[in-house]
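>>> Pasting a predicted model and its sequence here:
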Amino acid sequence: MKILLLLLGLAVASQGYIVSDVETYYESMCPDSKAFITTSLQDAYDSVPELFHPRMVPFGKATAERAENGTIVMSCQHGPQECDGNMQQACLIATNPDYNVHLPMIICIMGRFRTYIWEYWEACGEIHNVPIAPIKECVESGRGAELFLNLGQLQAKAAPKLDYVPWLNVNLTHTPAQQEAAEDDLTRYLCSLQVSGTCPSGCLSLDPPLSNCETRITP
């Protein structure tokens with residue numbers, strides 16, 4: 001794994017940019033999750049998509065476990081409807097693994113008041129050309145519950161100290177300072193990581209400007 005990461009790092013360096021893996025652990029009905037995804041994350045995806053690879057994990061402060069009879073029992077911070085919304089988004093990601101497909105859908109859905117209503121999914125699907133039938137089938141078949149259980153296990157390993165959402169890991173690490181900077185302005189945070197003179201155009205309009213982004217390399 002370390003060798004692979006090193007090779008990826010060399011590939012990134014050859015393009016002139018430092019590209020980060022950004023993991024977002026969130027809940028479908030959490031106001032703070034909604035705020036981050038529809039502002040800071042959306043702005044970064046629109047402005048500097050070349051600087052990060054997003055990974056979305058719709059679990060947060062939930063629980064999920066398999067009962068003795070094989071069923072999956074789950075509980076979510078904002079009630080059973082949030083569990084529905086989390087499973088829907090888990091199925092969206094599973095059926096559309098390309099983040100350039102599922103992230104715009106997540107941003108659209110998270111901009112709605114009730115993220116679990118299928119009519120909203122249909123509307124966002126029309127906007128982003130994403131079929132909703134496979135997502136519904138995933139949820140209704142029970143696969144969504146299995147995916148939700150798996151997300152809980154993933155989160156327990158990657159973010160074991162999670163006590164609020166959205167919780168952000170950048171390149172598999174989490175610090176309070178990193179969380180604050182990335183949650184407040186992900187674009188600025190990603191731009192601040194760039195080597196002086198190698199910022200993409202999306203970093204050049206920041207106010208106040210970053211000293212390392214006064215000039216840029218054109219790929």
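Happy to help now that I have it.

>>> Tell me what the residue nearest the centre of the chain is bridged to.
By C-alpha atoms, centre = their mean, the chain has its centre lying nearest to residue 56, at 3.0 Å. For residue 56, the beta-bridge partners under DSSP bridges are residue 24.

>>> Quick check: the gap between it and residue 147.
Per C-beta to C-beta, to the nearest Å, residue 56 is found 12 Å from residue 147. Any C-beta I mention is one placed from the backbone N, CA and C, and that applies to glycine too.

>>> Then residue 128?
21 Å.

>>> where exactly do the strands run in the chain?
For the chain, the strands defined by DSSP state E occupy 20-26, 52-58, 63-66, 72-75, 167-170.

>>> Same list, these, but as JSON lines with distance to residue 106 and mean pLDDT please.
Below are the strands of the chain laid out as JSON lines (distance: least, C-beta to C-beta, whole Å; pLDDT from 0 to 100):
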{"stretch": "strand 20-26", "distance to residue 106": "9", "mean pLDDT": "98"}
{"stretch": "strand 52-58", "distance to residue 106": "6", "mean pLDDT": "98"}
{"stretch": "strand 63-66", "distance to residue 106": "20", "mean pLDDT": "96"}
{"stretch": "strand 72-75", "distance to residue 106": "20", "mean pLDDT": "97"}
{"stretch": "strand 167-170", "distance to residue 106": "15", "mean pLDDT": "98"}
